[in-house]
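# what follows is a predicted protein model with its sequence.
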Amino acid sequence: MGILDFLDFCEAAGVLAIPAFNMDETPQDMADFVECVNGPVDSPWGRRRAANGHPAPYNLRHLQLGNEERVDETYFRKFSALAEAIWAKDTNIILVVGDFAYSAPIADPFQFTGAASGITTLAAHQKILHLAKSRGREVWFDVHVGTDGPRPDGTLSGMFSFRDALGRIANGAQHKVVVFELNAQNHTQRRALANALALNAIERDGRIPVVTSANCLQPDGQNDNGWDQGLLFFNPAQVWLQPPGWVSRMVARHYQPWAVPVEVAGANDILDASAKCSEDGRTLVLQVVNLSDRPQPAALHLRGSSPRSDTAGVEDLAAPLDARNTAQHPDQVVPKASRCRHRLVTGVAQYTFAPCSFTVLTFQ
């Protein structure tokens, strides 16, 4: 699949396209690419785009430079040259730094350990931020998180620490941290719970605008190479979601824009939760992970408002940690939808979360 094929696929699927380019591309080639995807139809590369069957510009708004890179002085020099060429063609493109992962807290932005790339300073990051600010541009940083499961590893807290460290050195530069890869070496319920825990933590934090899970697509039997982590498996006859894919779908289908403070007490780190509501406050969504291999009863307290209905929607994905779906049994691990009667109208509801589960409760 070429990059233009990728853009066509994303356009047809209605999803945000963020292509990543090799750091050794030339500035001229990047300028030509931007004109090809975003330039007017009467420009040289816009005419080529039209001749290839896409007269209208793609209106690409994000572009990543590199992936899992060592962001040091060498990276900065390449980034700077490419950025100037890209921004000269389209001032609206947000460039994404293809960073890596951080497994330890960053107390001093200019002296730390734990970076997967081996860097010990954010000096090059600071130069990128300064460049973006001087050109009036926004820049993003893609940092990856390990979710082999059933809990995320130390790169989740490392990512938040990196986000804080960038804020201390940005000096007013517009920037964001994103997670384009939740990474694992399996596609089982174990990984599904770790993804759900990472998503809960990121939603509670509220500062990370985009989170995606690697990999989306996996040909059945063709990627059993250590990164056997596809969300959606396929063969010539069928497609089916794996447990982590169902988590992505559950979170997406129950998306609400406003984070709601949530506290879990007395569960000994067995339960984890995030909460969110609609703009009008009429819909409340609670996402809960139960890491225990036993049912976990809980009391739900809702402060400040009460549901209008005495029932809640339930979507529950529960299975043993090593469970997964196969071509022969594609529905072995799937979420179950139901409704439950609660007593939140009068105060406290009781709910028992299934073993090794991710549950979404929706209150109206």
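Cool, got the structure.
# and the strand or helix carrying residue 162, which residues are buried?
In this structure, residue 162 sits in helix 155-169 according to DSSP states H and E. Buried positions in helix 155-169, judged by neighbour count with 16 or more other Cβ atoms under 10 Å: 155, 156, 157, 158, 159, 160, 161, 162, 163, 165, 166. Backbone N, C-alpha and C define where each C-beta goes, glycine included.
# and for stretch 7-24?
Across stretch 7-24, burial judged by 16+ other Cβ under 10 Å covers 7, 8, 10, 17, 18, 19, 20, 21, 23.
# please apply the same query to stretch 51-61.
Neighbour-count burial for stretch 51-61, with 16+ other Cβ under 10 Å as criterion, is recorded at 54, 57, 58, 60.
# wait, the third one sits on residue 38?
Pointing back at residue 58 there. Yes. Counting by Cβ atoms under 8 Å, residue 38 is a contact partner of residue 58 at 6.4 Å.
# quick one, what contacts residue 232?
Residue 232 is in contact with 216, 217, 218, 239, 240, 241, 242, 245, counting by Cβ atoms under 8 Å, 6 or more residues apart in numbering.
# who does it bridge with?
Each beta-bridge partner of residue 232 is listed here: residue 217, residue 241, as defined by DSSP bridges.
# which two among the buried residues of stretch 7-24 are spaced furthest apart?
The two members of the buried residues of stretch 7-24 with the most space between them (Cβ to Cβ) are 8 and 23, at 24.8 Å.
# circling back to that earlier point, just the ones in helices from the buried residues of stretch 51-61, please.
Among these, no residue falls in helices (DSSP state H).
# any idea how far residue 341 is from the closest residue in space to residue 343 that isn't next to it in sequence?
Sequence neighbours aside, residue 349 is the residue nearest to residue 343 in space, at 5.2 Å (criterion: Cβ to Cβ, 6 or more residues apart in numbering). Distance check for residue 349 against residue 341: by Cβ to Cβ, to the nearest Å, it reads 9 Å.
# repeat for residue 165
47 Å.
# residue 108 too?
Applying Cβ to Cβ, one obtains 53 Å for the distance of residue 108 from residue 341.
# same thing with residue 207?
As judged by Cβ to Cβ, residue 207 and residue 341 stand 37 Å apart.
# ditto for residue 184
Shown here: residue 184 relative to residue 341, a distance of 37 Å by Cβ to Cβ.
# who has more neighbours, the two?
Taking other Cβ atoms under 10 Å, residue 184 and residue 341 do not tie; residue 184 has more neighbours (26 against 9).
# circling back: check which helix or strand the residue nearest to residue 343 maps to.
Under the criterion DSSP H and E, the helix or strand holding residue 349 is strand 348-353.
# test my guess that residue 205 contacts residue 159.
No. With contacts defined as Cβ under 8 Å, residue 205 does not count as touching residue 159, sitting 9.6 Å away.
# so who does residue 256 touch?
Residues 276, 277, 278, 283, 284, 285 are the ones in contact with residue 256 under the rule Cβ under 8 Å, 6+ apart.
# which of those sits closest to residue 334?
The shortest separation between residue 334 and any of the contacts of residue 256 is 19.8 Å, and it belongs to residue 285 (by Cβ to Cβ).
# surely the closest one forms part of a helix?
No. Counting by DSSP: H, G, I helix; E, B strand; the rest coil, one finds residue 285 to be strand, located in no helix.
# surely it meets residue 362?
Yes. In terms of Cβ under 8 Å, residue 285 counts as a neighbour of residue 362; the distance is 5.4 Å.
# so for those two, which residue has more residues nearby?
The residue with more neighbours, out of residue 285 and residue 362 and counting by other Cβ under 10 Å, is residue 285; that gives 21 against 17.
# against residue 272, how distant is that one?
In this structure, residue 285 lies at 15 Å from residue 272, with Cβ to Cβ as the measure.
# what's the answer for residue 68, then?
Computed with Cβ to Cβ, the distance linking residue 68 and residue 272 is 28 Å.
# next: residue 183.
In this structure, residue 183 lies at 20 Å from residue 272, with Cβ to Cβ as the measure.
# residue 103 now?
Here the criterion is Cβ to Cβ. By it, residue 103 lies 20 Å from residue 272.
# could you do residue 228 as well?
Residue 228 sits 25 Å away from residue 272 when distances are taken as Cβ to Cβ.
# which of those two has more neighbours?
Looking at residue 228 and residue 272 with other Cβ under 10 Å, you find the greater number of neighbours at residue 272, namely 21 against 17.
# need the helix or strand of this protein with the lowest average pLDDT.
Taking mean pLDDT, DSSP states H and E as the measure, the helix or strand of the chain with the lowest value is strand 348-353, at a mean of 89.
# pull up the pairing partners for that strand, direction included.
Taking DSSP bridges as the criterion, strand 348-353 forms sheet pairs with strand 296-301 (antiparallel).
# buried ones in the strand it pairs with, by neighbour count?
By 16+ other Cβ under 10 Å, the buried positions in strand 296-301 come out as 296, 298, 300.
# just to check, residue 103 is in contact with residue 156?
No. At 9.5 Å, residue 103 and residue 156 do not qualify as touching, with contact defined as Cβ under 8 Å.
# what's the overlap in contacts for residue 285 and residue 362?
Common contact partners of residue 285 and residue 362 (Cβ under 8 Å, 6+ apart): residue 254.
# so which of the buried residues of helix 155-169 comes closest to residue 82?
Distances from residue 82 to those, taken as Cβ to Cβ, are shortest for residue 166 (20.3 Å).
# tell me the contacts of that closest one?
Listed by Cβ under 8 Å, 6+ apart, the contact set of residue 166 reads 109, 122, 125, 129, 141, 175, 177.
# report the contact partners of the residue nearest to residue 343.
If you count contacts by Cβ under 8 Å, 6+ apart, then residue 349 has 299, 300, 302, 342, 343 around it.
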